[in-house]
Each structure stands twice: as structure tokens, then as C-alpha cells.
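Asker: from the sequence below, what's the structure:
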Amino acid sequence: MSHILFWMVGENPLTRLTFNPQDAWHPFTSEGHFELADFLFSREQMSGGNIDDLMHIWAALDGKGKPPFNSHSHLYQTIDDINQENTWDCLEMHHVEAKNPNAAPWKQTTYQICLRDAGKLVEKQLSNPDLKEFIDYSPHLLFGENHQRVWSNFMTGNWAWNQCNELAKKEENHGAMFVPIILGSDKTVVSVATGNNEYWPLYITTGNAVSLLGFLSVPKTDREFEADPDFRNFRRHLFHTSLAAALETIKPTISTPKVILCADGQYRHAIYGIGPYIADYPEQALLACIVQGWCPKCTAHRSNLDGDDNAILHNHDYTKLLMSKFTHQVLWKEYGVPFTAYFSRANIHELLSPDILHQVIKGTFKDHLVAWVEAYIRGHFPDPDAILADIDRRIAAVPSFPGLRRFPQGCGFKQWTGDDSKALMKVYLPAVADYLPDKMVQAISAFMDFCYIVRQSSLDEGNLAAMKTALSCFQAHRTIFEESGVHAKRISMPHIHALQHYHDMVQSFGAPNGLCSSITESKHIQAVKNPWRRTNQYEALYQMLVINQRLDNLGIFRAHMVAKGKWIFNMCHLSKPLVPQGIVPQMQMHPIEWNEPNARNDENIEEVRDMQGARVEATVHLAGVPSPQHLREFSDMGQDINHDEFPNLVAAFVYQQQHPGATLGTSISYPLILERGYTFDSAIATFHAPSDLSGIGGMQSQRIHATPSWRGGPPRYDCVFIEKDPSLPGFQGLLVAQVILIFSFSYRNMTYSCAVVRWFQTVGDNPCPKTGMWMVKPSFDDNGDHMVSVITLDNILRPAHLIGIYGPEPLPRDFTHTDSLTAFSAFYVNKFSDYHAYQLCF
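Answerer: Below is the predicted model of the structure:
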């Protein structure tokens, strides 16, 4: 193996930036100068030619004829000047027969990998002042209610705790902080070629920020050698050798503590440990040196993965025995040796992390369950296309809900993303329940329970027990797919079998959300796809390396300026206007755009927001402030909701507020109140939902609509949960209502924020035995009218999502989702609308 130093101007992640007090923004002239560079290079990703054009226009508009940057080259050089040290090394690797002219072409090829210094990247992450509030310097055990163990972030897991116990056996390690080295690689191969090679990215993280560590080379060959065992062995050997080379600089710190600078400005002794590896199943098989179809974590036989009672967990004892008996060449040719075998306290079979995206969401749900349901329908109905079309209409008929992605054309589109699969899970079960055998619906319901439990941000012992019960139920009921002929053989698939290991992996690594391959896939867009599009596609990899260096330069410069108190950090927008004094900036809302019109509709995504700040009590408040144009007579409000007695409802409400616990009746004289109030189109519910989109404190907000015309179209009246009895468990302590008016008024110096609601009543004393979802139906009075009340907004917990119980008859072709809440006689309470709703509606 030859080593070539690839020199490139860039930042050294280890070096703390130093600033001249007289020139704090150097190499930029001012805050605005830096923000412009960041805007053009990072946010807009503007091409060099367009930057030149912009600077020429700027010069023409400026009275002095001097733009902020002379050209794109000047901009790039300024970014490079943030820190001028080498970042990337390129290694060239060859097969031992590379110089043999008669060898296969793939043996004569030079394979190149580009790497950054792993040790410096780790130190950069640990010293990043942005992360000082989020770094755990030691493992810890969490306990919740009833003294139950709780697993949340990575450092609450048993693996980190056990690592420290092992390290503590040596006195020289006492007092050192433990740093897990978490790796991940994205299987999506980048279309970057030099010779006959492609590259894919390798990432590294200590549990917070994710950094691009390098690009690994994947040997390719023609069909003649694709099945050649020598080629497959070499490909595996190259992969593990590359990983070992990538971690070479941190190897000494795995056994001996090193003094490093931390994000809080303190110096600490640190000792590293090779931690979990984030990868999808093909890469897991490659990492574990097994044949695809087998489990990378245990010895279960591929023909009966879930039923092999003799299976045990893989470990490195067998690998160590082989290493002591055979030469290096024999080991790789006949057996394969994982890269972790050369690092202490590391076992790749144990370290393969759970992969919710590929094992649960896409692997089990989308690729298997959804496909099996379609196969069942095609094999058991005389006109399957009509049934599938009706299922699409049912999916499209789901009412709007905050954060819910709608599918106006059903689920029949071709290109699926992970977000599409997640969104479909929320609405799929009611759409298919009437066309499937009960046992099949129960299998899907049990799997959904497993999925929603395992995707929570923290899990306690009760959650693990519920997760195990859901998995057992899924395994018991999924035999219907075999019995119905959908899957003729015994179900034995690695993605589904992996679910059996989640119980132990949660205990080892904490909540699986923190180690999902969606993390590396999202980083892949930033570090690979977008840089690739910005290149001229000639020797694109080297251009991508430069782009990533400059992005890191801008990121670390911003972080250090934030640490110095220069401004409040904001990734998406300026934290304050950069305009001359006396000029008021004009704010403009940007419209939502969709990549695939009519296939997915994200109009509800903006209705959910993460709320920054610490955890607070749940609240519901009016959206906006009262304005004169919304001041209306109560009688007019009553006409809007078709309730002529609305003024009496308000009077009865006030009486109840003044006489808590009083029974209303016709003989009571209600107070005379000012017959005017302010109407609002929506209210904002804020509550603690750490497993969903939320701020640092776990708080989220959702918008509740009650408007006669939503975005110029039909009305939208959302449903809500209302607390009935907090002493009762789950949904038994809740009520469901539909908000048809949001208003406020004042009476005797007291302002009331209220809602008019139509009530639903619960169907039965238990959830539906097939779907596991509670059912409700509209409540009517003796005259057959909807039960309607005025309540305070404080009575509302949060939005609720109802999906009609469709029944056996197909929906009309012209049915729209805006009709759903009035078209059905009963509804499912959708506990799968989000994770907080799932935790409420058990």
C-alpha cells in the first residue's frame, strides 16, 4: 500500500481559532461580510459564475463601485483563510498481483480512499462550544417512576457503562472521560469516478455532531468476475482495511488517556472506545463478514431466523482463535476478519446498531407488509385493482391534521422515501382493515405498536415489556401471510429478524432514534449530494473535498463567534437585521413547494413547530391578538355555526364559570353579558412531545383550526382531546370533540378564551379488537342535534386525529378529505398520528 499526501487548503479541526481583538471578524471585514459569504456559499450554494455576476451588479449599484468580494475566487480564498492547514489524505491501495499483466483487470486497478484525521475530527466535535450543553462526560443510569430504569441518549445505555467498568480496572484511566467513537457509512454510492471506482462516504460522531470522515472505494468489475470468490474477498478486505486505516490516528487513545480541550473550555483526560456502527443490512453483512441472508448479530440459521432456539450471539472469540492459527492471507481468503478485531474492547457483531429506517419503516413495513397486503388482495378478490383503488381513495380521504403528510392519489406512486413510509404508517391501517382477515389486521396493528414504542426518545422497563409483547403478537399473527399463500415459505428475513435484537440493543445503546441510518442519509445530502451538484463533474471528488472543507470553515467560524457572544446562533435565518439604522426590514413568507405534485401534499407539515426553551406546562392559547375586524355579535357567530341559541350557550358558560359544579336548567337565570366577542381562525396547543419534532426542552406546538374557509377552500374544523379524568389510564380519561368556533369575550373585567365544540362519545369500553384503536361516534341530544358546548381553551389538551370507519362499501370517486368528519357514523381515534398521541391513546 502506498501513501500519497493530498495537499489542500482548509481548516484544521483541532486548532482553536484565535482572533485579533482589533479585528474580531478576520478574515472578514465585518459581521455582514461573513454573513454574505455564508449565505452565498452555504445556504444558496451559488455557482462561481453567478457570484461574479452578483458582485458586478453590486459594484454597479454601489456608489464607490466596490463590491464585498472582487470575485468568487476572492470569496473562496477568504473562506480558506479562516484556517490554512491540510485536511485530507488520499491513500492508494493495490492488490498483491497488481503488477501481474495477466491478472484480472480488477487486480491491476489502483483503489483510492480519501480520509481526514479521525482524532482531529473527534477533538473538533468535543471542543465545539455549540455543544457544551449536550455533551455527557460519563455514562449514567437513569431511573423514572416506580424506580424503573430509563434508556434515552447513548450514554444511558449499558455498553458505555460496561466500557468504563472495564477501563476502570487500570488505575491510570481513573478520572478520564469516556468518548464513544460512532461510525456510519451510507450505502448510496456517489457517482464519482476516477478509473473504475466509485466512492461512498464514511461518517464519524461522538454522539452529537456528525462529521464526514472520508470516502471509501468500492471495487467494481465486469460480469465475468462478479461472482469470483477472489474478487468478493478482496472487496471485503479493502473495506475493512480502509476502516482500520481511517481509525489509525485514534488507536493510541483507545488504550491511553489523552488531554483534550472540551466544549466548556475545560481540559480533560479522555479515553476513546470504538462504538456502534450505523449501516443498513448489506453493509452490516459486509461489516460482520457474513453472507447476506444470515444475521450479523447471532448464529440463527438463515432458513429459520426467528425460530432457531440454538442461536447464540456472535463474538470475537472465534475470530481471535482463527487469528492465532492462520496467516493474514489465509484469514482474509477463507474467513474474513472484521476491522474491530484489531482494536481493543470492540466486537463488530455487538456494535452493529439498530436501523429503524431500513429494518422497521422501510424494511418490514413498506417492503414487506404493504407488499404482502397488495399480494393478498390480488390473490383473493375478483377485481383487485378496484379494491386497491378504493384503498387509495381511503388514504386520500384522511382529514387534515398538523404535521400529517397527505396522499391525494393514495400510495400508488413509484419513488418512495423514508418520510413517505413514515407518513403512510399513520393512516394505513384504517384504509385496509375492512378488506383483510382479522388476523392480518392484528399482525399489522401489533407491528405498528412495536414501531411506535421503539421510536420513542426514551424507553423505560415498561416500554421494553410492551415492545416485547407487541413483537410476540406480531410474530404470532403474521403466520396469516403464510397460511393465505401470500408468502409460501416460512418467513425468515434478516430485516424482520433484526427486531428480535431491539430489546437488547435499547439496553446497550439507549433509544434507537439516536443511531438510525436516517442520520447518515441526511448528512449524505449535505456532504455528498449537494457538493456533487456544485462540481463540474471532472474529477469531482476533489472538488467535493474542497467544498466540504469550506463548509466546515464557515461552520467552525460561526461556532466560535457565537461562543464569544457575537450574536445568537440561527442556522436558517439572520438573527438580526443587517441594515442601516432607521430602515425597517420587510419580512416575507415563502410558499411551500412540493417535488411531486398531486402525489404528496405537505400543507399540514408547517402546522407543527418545535418550541425552543425548557419544558413547561401544556397550554392552548389564541393564535394572534384581537383586532376590530374580528369583533362580532354573538348572534352572527351563531349563524356561522348554525346554532341560533349560541348567545344562551355563552351565558350558560359564564354561569358555570361563576358557579362551578352547578347543574344547568331552564329555571336558572343566566347573566346578561355583552353580546359581542372576537373570533379567531385558530389556536396554538403547546405540549411536551420529546419523541416528535420538538425543541431542546421537548416542547412542540400544533395549530388547531376552526375556520369556515381553509386557504380559500372548504371549511376546516379540527378535533381535540379534552381531559375528562386524569386518574384514569390512557384514553379512558379523555374525551374527543370537534372545534367549530374559537372566540374570546370579556365579562366583568374577566377575559375568556373559548371554543365551541361538538362532542363525540366513546364506542365500547375497549379499543377495536382488530386495529387496537379506540372508536368514537358523534353525540346527539334528544332532538337528534349534535351535542354542543362552550369550553375554555384551558380544557383542551392538544389536537386529535379521527379517521372514518369506512366499512365494506367503496368510497365515491368524488369523495374529498374535507368531507370526512361529517360523512361517517363512527371514527377511529388515530393513535398513530404522532408519538405523543400514541402515548395518550393506549
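Asker: from Q77, how far off is L429?
Answerer: For L429, the distance to Q77 equals 57 Å [Cβ to Cβ, to the nearest Å]. Backbone N, C-alpha and C define where each C-beta goes, glycine included.
Asker: neighbour-wise, which of these two wins?
Answerer: Applying other Cβ atoms under 10 Å to L429 and Q77 shows that L429 carries more neighbours, namely 24 against 14.
Asker: which ones are touching the more buried one?
Answerer: Going by Cβ atoms under 8 Å, 6 or more residues apart in numbering, L429 touches 441, 444-445, 448, 771, 773, 832.
Asker: ok, now with 6 Å
Answerer: 444, 771 (Cβ atoms under 6 Å, 6 or more residues apart in numbering).
Asker: what's the helix or strand for it?
Answerer: Assessed by DSSP states H and E, L429 sits inside helix 418-432.
Asker: any idea how far the nearest residue to K320 once chain neighbours are set aside is from S324?
Answerer: Counting by Cβ to Cβ, 6 or more residues apart in numbering, K320 lies nearest to A341, which is 7.1 Å off, once chain neighbours are set aside. Using Cβ to Cβ, A341 is found at 11 Å from S324.
Asker: the two - which one has more neighbours?
Answerer: More crowded of A341 and S324, by other Cβ under 10 Å: A341, with 18 against 7.
Asker: separation between the more buried one and L287?
Answerer: Distance from A341 to L287, by Cβ to Cβ: 12 Å.
Asker: please apply the same query to G119.
Answerer: In terms of Cβ to Cβ, G119 sits 22 Å off from L287.
Asker: which one's more surrounded, these two?
Answerer: For G119 versus L287, neighbours defined as other Cβ under 10 Å are more numerous around L287 (24 against 21).
Asker: which residue is nearest the middle of this protein?
Answerer: Against the mean C-alpha coordinate of the chain, by Cα atoms, centre = their mean, the closest residue is S518 at 6.5 Å.
Asker: what about that residue, helix or strand, and which?
Answerer: Element membership for S518, per DSSP H and E: helix 517-524.
Asker: what's the angle from that helix to helix 418-432?
Answerer: 140 degrees (axes from the mean of the first three to the mean of the last three Cα atoms, to 10 degrees).
Asker: after helix 517-524, which helix or strand is next? Please name it.
Answerer: helix 530-534.
Asker: what distance do you get for the closest residue to E645 other than its chain neighbours to L649?
Answerer: Distances taken as Cβ to Cβ, 6+ apart put G638 closest to E645, at 7.1 Å, once the chain neighbours are dropped. Using Cβ to Cβ, one obtains 8 Å as the distance from G638 to L649.
Asker: go on, A511?
Answerer: Taken as Cβ to Cβ, the span from A511 to L649 is 46 Å.
Asker: which of the three states applies to S833?
Answerer: Of the three states, S833 takes coil according to DSSP: H, G, I helix; E, B strand; the rest coil.
Asker: quick one: pLDDT of it?
Answerer: In this model, S833 is scored at 94, pLDDT.
Asker: tally of neighbours for it?
Answerer: Other residues lying near S833 total 24 when counted by other Cβ under 10 Å.
Asker: same check on the one 3 residues further on?
Answerer: Close neighbours of H836, defined as other Cβ under 10 Å, add up to 21.
Asker: before we move on, what about the one 3 residues further on?
Answerer: Other residues near Q839 number 16, with proximity taken as other Cβ under 10 Å.
Asker: surely P714 touches S820?
Answerer: No. Contact status for P714 versus S820: not in contact, 11.1 Å apart, counting by Cβ atoms under 6 Å.
Asker: okay, these two: which has more neighbours?
Answerer: Per other Cβ under 10 Å, whichever of P714 and S820 has more neighbours is S820, with 20 against 13.
Asker: the more buried one belongs to a helix?
Answerer: Yes. Secondary structure of S820 (three-state DSSP): part of a helix.
Asker: who's in contact with the residue nearest to it when sequence neighbours are not counted?
Answerer: Excluding its sequence neighbours, the residue lying closest to S820 (Cβ to Cβ, 6+ apart) is P399, at 4.5 Å. By Cβ under 6 Å, 6+ apart, the residues touching P399 are 817, 820-821.
Asker: got TSV for the residues you listed, with pLDDT and distance to N162 too?
Answerer: Formatted as TSV, the contacts of P399 follow (pLDDT from 0 to 100; distance: Cβ to Cβ, whole Å):
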residue	pLDDT	distance to N162
H817	92	51
S820	94	51
L821	95	52
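Asker: nearest to H72 among those?
Answerer: Relative to H72, the closest of the contacts of P399 is H817; by Cβ to Cβ it sits at 47.7 Å.
Asker: about what we covered before: can you tell me how far the residue nearest to the centre of the chain is from Y376?
Answerer: 29 Å.
Asker: ok, now A176?
Answerer: The separation that A176 has from Y376, given Cβ to Cβ, amounts to 57 Å.
Asker: next one: P219
Answerer: Distance, P219 to Y376, by Cβ to Cβ: 42 Å.
Asker: the residue nearest to E645: how many residues sit nearby?
Answerer: 19.
Asker: how about the helix or strand encompassing it: buried residues?
Answerer: If you go by DSSP H and E, G638 is part of helix 634-640. The neighbour-count criterion (16 or more other Cβ atoms under 10 Å) identifies 634, 637-638 as the buried residues of helix 634-640.
Asker: same thing with stretch 773-792?
Answerer: Those would be 773-776, 778-779, 786, 788-791, for stretch 773-792 by 16+ other Cβ under 10 Å.
Asker: could you do stretch 788-804 as well?
Answerer: Across stretch 788-804, burial judged by 16+ other Cβ under 10 Å covers 788-791, 793, 795-804.
Asker: same check, this time on stretch 170-183
Answerer: Buried residues in stretch 170-183, counted by 16+ other Cβ under 10 Å: 173, 176-183.
Asker: cool, stretch 27-39 as well?
Answerer: Those would be 27-28, 31, 33-38, for stretch 27-39 by 16+ other Cβ under 10 Å.
Asker: ditto for stretch 251-263
Answerer: 251, 253-255, 257-258, 260-263.
Asker: which residue ranges of the stretch 451-600 of the chain form helices?
Answerer: For the stretch 451-600 of the chain, the helices defined by DSSP state H, counting those that start in this stretch cover 461-477, 479-483, 494-497, 502-509, 517-524, 530-534, 540-563.
Asker: quick one: which of these is nearest R345?
Answerer: helix 502-509 (13.6 Å).
Asker: quick check: angle from that closest one to helix 461-477?
Answerer: 150 degrees.
Asker: report the distance from helix 502-509 to the chain centre.
Answerer: Put simply, helix 502-509 sits 19 Å off its chain's centre (Cα atoms, centre = their mean, to the nearest Å).
Asker: likewise stretch 233-251?
Answerer: With Cα atoms, centre = their mean, you get 29 Å for stretch 233-251.
Asker: contact partners of that stretch?
Answerer: Applying Cβ under 6 Å, 6+ apart, the set of residues contacting stretch 233-251 is 113, 115, 117-119, 213-214, 216, 219, 272, 286, 332-333, 336, 339, 342.
Asker: go again with 7 Å.
Answerer: Stretch 233-251 has contacts (Cβ atoms under 7 Å, 6 or more residues apart in numbering) with 91, 93, 95, 111, 113, 115, 117-119, 122, 181, 202, 213-214, 216-217, 219, 272, 286, 289, 332-333, 336-339, 342-343.
Asker: check stretch 767-780 too.
Answerer: Residues contacting stretch 767-780 (Cβ under 7 Å, 6+ apart): 429-430, 433, 438, 441-442, 445, 449, 731, 736, 758-764, 786-787, 802, 805, 825-831, 841.
Asker: all set now, cheers.
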